[in-house]
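> This is a predicted model, with the sequence first.
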Amino acid sequence: MPSPSEVVIPAPPLRLGELVATLALAQDNAFGQPLESQLRSCLLAGWLGDAAGLDGELRATTYWVALLRYIGCTGHTHEVASVFGDDIAIRAQTLVHDAGDPAAVMRDVLAFATVAHPPEEHDAVVAAITAGAHDWAVLNFTSGCEAGDLLVARLGMSDDVRRALAHTFERWSGTGFPNGVAGEAIPLAMRIVHLTHDVEAIARRLSPQAALDAVRDRRGRTYDPALADLFLAHCDEWLRRLAKVEPWDAVLEAEPAPHRILVDADLDAALLVVADFVDVKSPYAVGHTRRCADLVAEAARLVGLNEPTIADARRAALVHELGTTAISNAILDKPSALTRAERDRVETHTLLTEQMLRRSAALRALSPVASAHHERADGSGYHRGLRADAVPPAAAVLEAAEVYVGITTDRADRPGSSTESAAAELRRLSKDRALVHDAAEAVLAAAGHEPRRAPRAQNPAGLTDREIEVLRLAARGLTVNQIGETLFLSPKTVDHHIQHVYAKIGVSTRAAATLWGVQNGVVG
């Protein structure tokens, strides 16, 4: 008879709306906002769409666009942090500034870019950023749109949703990015979301009156004037209504019918989207979650868990890093030891993972494993300090897999260790009772102590072996010069390889190329 920790209690089916709403929570993290902020803006978008008389298809498009607006945000976080330091802080500011006013945007950009530099360097920093600001913005926003499009396509979103999301950073006046699209050439769904996302943030962070003043001031510049007028006519009612609803419940109730249910292979594919959305945030995390999930599935089988439990263990592994979206890349990619305060910040990610998963009745079943991946058998882990007997066996396997993958992966502050070193460390932790012995041994057996990669007769998209080498290094965030030094190539030759890669796979940014590489098994 199985132990209570091995008994599988079937979870309710997962609706696509629940998964996308969970991704919206992760986007809140990336922008330094309270959970459910983007859900609240989705509700405003729905009410504005209703008042505008949208038909059912356009209402559905607006719903998905409102929840997925920043789905590409992790794809260019590394680049944002490299300029501004704290990517989350600068993004939080963008939610309240007037994105249709280039002067206002530049003030924020310069304030954040200079804060980490001594006063005597400010003039040089300002000059450098001013000179390259336009080109950087085009590349940055193109990267976010391309990465987001790859992810939403994998979720099966319609062409209308994808087309609208490509205009995430455009503005009514034509002063947006990356293409300066203006007016009604911006899809209506995105014009609605531009307005309602700003209103939600300004009303919450400043005041409802400040939000309404912003709509009046930005009418015809940042926002479609007809939509601005319609919103102002109903604003008092909608903001009062927004204060009384439970955003999660209201958003799921508004999910367009018929509801798409994710089961079996569709569920696994959708959770892989979550994994890649999280991992692409840092060049040092690319492929991390997939590696953990593969190890967990095989190791769970080796410790004798039943097939339904193995499937759920792998799914839990695919979502276990959701909370890292709340950690600045200034910390995740820091090339030196973390301070105590920075370690405290990192340790919040398991709690956030739990908080996001538990909102969904279907994903809640994965939380006891997913949110326990930094617990330790002796109670020394985080965030609950649970001992071995307080977590499911699958969680013990994920704990060991997380350690193994972490040790063998390059980090900003140190190169990855050999698999032999990782094995020795896992066995030491097992001996010291920090890891469950059987779980650690199963992970090591599943890893095989050697990297295993299926032989490939031909590289995907016709990439050469050298182009794949360059792609892997670019995915880790190395510059053209650094790649050249690593491979003993000139920067010009490296750039040629990168451009060939982009042309062959149909992208133009590192983030999109990285996601393509993960999806096609050549990065990670």
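All right, it came through fine.
> now the helices for the stretch 101-250 of the chain?
Applying DSSP state H, counting those that start in this stretch to the stretch 101-250 of the chain gives helices spanning 102-114, 122-154, 159-165, 188-205, 208-218, 225-244, 247-253.
> what's the average pLDDT for the third one?
In this model, helix 159-165 has an average pLDDT of 98.
> That one: which residues count as buried?
160, 161, 162, 164, 165 (16 or more other Cβ atoms under 10 Å). For the C-beta atoms, the positions are set from N, CA and C on the backbone; glycine is no exception.
> what's the answer for the last one, then?
Buried residues in helix 247-253, counted by 16+ other Cβ under 10 Å: 247, 248, 250, 251, 252.
> Pretty sure residue 36 is one of the things the second one touches, is it not?
It stands for residue 248. Yes - between residue 248 and residue 36 there is a contact under Cβ atoms under 8 Å: 6.3 Å.
> okay, and the common contacts of the two?
Taking Cβ atoms under 8 Å, 6 or more residues apart in numbering as the contact criterion, no residue touches both residue 248 and residue 36.
> related to what we said a few turns ago, which one of the buried residues of helix 159-165 is nearest residue 62?
residue 164 (8.1 Å; Cβ to Cβ).
> can you map out the strands along the chain?
For the chain, applying DSSP state E gives strands covering 14-15, 261-262.
> export those strands to TSV and tack on distance to residue 524?
What follows is the strands of the chain, written out as TSV (distance: least, Cβ to Cβ, whole Å):
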stretch	distance to residue 524
strand 14-15	25
strand 261-262	23
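> Residue 60: which of those is closest?
Where the strands of the chain are weighed against each other on Cβ to Cβ, the nearest is strand 14-15, at 13.9 Å.
> quick one: strands adjacent to the closest one?
Here the strand partners of strand 14-15, with direction, are listed using DSSP bridges: strand 261-262 (antiparallel).
> picking up where we left off before, packed most tightly, which of the strands of the chain would that be?
Mean neighbours per residue, mean count of other Cβ atoms under 10 Å, is largest over the strands of the chain for strand 14-15, with a mean of 21.
> how far does that strand sit from the chain's center?
Relative to the mean C-alpha coordinate of its chain, strand 14-15 is positioned 20 Å out (Cα atoms, centre = their mean, to the nearest Å).
> Neighbours of residue 226, how many?
Residue 226 is surrounded by 13 other residues when neighbours are defined as other Cβ atoms under 10 Å.
> Tell me how far it lies from residue 203.
In this structure, residue 226 and residue 203 are separated by 21 Å, where distance is defined by Cβ to Cβ, to the nearest Å.
> now residue 262
33 Å.
> and residue 194, how many residues sit next to it?
For residue 194, the neighbour count with other Cβ under 10 Å is 27.
> From what I see, residue 247 and residue 34 are in contact.
No - with contact defined as Cβ under 8 Å, residue 247 does not count as touching residue 34 (10.2 Å).
> hmm, back to that, so can I have JSON lines of the buried residues of helix 247-253 showing pLDDT and distance to residue 196?
As requested, the buried residues of helix 247-253 are exported to JSON lines (pLDDT from 0 to 100; distance: Cβ to Cβ, whole Å):
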{"residue": "247", "pLDDT": "98", "distance to residue 196": "13"}
{"residue": "248", "pLDDT": "98", "distance to residue 196": "17"}
{"residue": "250", "pLDDT": "98", "distance to residue 196": "14"}
{"residue": "251", "pLDDT": "98", "distance to residue 196": "13"}
{"residue": "252", "pLDDT": "98", "distance to residue 196": "18"}
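> farthest-separated two in these?
Taking Cβ to Cβ, the two most distant members of those are 247 and 252; they sit 9.6 Å apart.
> so who does residue 487 touch?
Contacts were defined as Cβ under 8 Å, 6+ apart; by that measure residue 487 touches 466, 469, 470, 473, 494.
> Now a PyMOL select for only the buried ones of these.
In PyMOL, a selection of the buried entries from the contacts of residue 487 looks like this (16+ other Cβ under 10 Å):
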select buried, resi 469+470+473+494
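> Tell me which residues are up against the least confident helix or strand in the chain by mean pLDDT.
Every helix and strand in the chain was compared by mean pLDDT, DSSP states H and E; the lowest is helix 102-114, with a mean of 75. Residues external to helix 102-114 that are found in contact with it (Cβ under 8 Å, 6+ apart): 83-86, 89-90, 93-94, 97-99, 121-122, 125-126, 129-130, 133, 175.
> before we move on, what about stretch 185-195?
Looking at stretch 185-195 with Cβ under 8 Å, 6+ apart, the contacting residues turn out to be 41, 45, 48-49, 52, 54, 58, 61-62, 65-66, 69, 160-161, 163-165, 167-168, 170-172, 215, 222-224, 227-228, 231.
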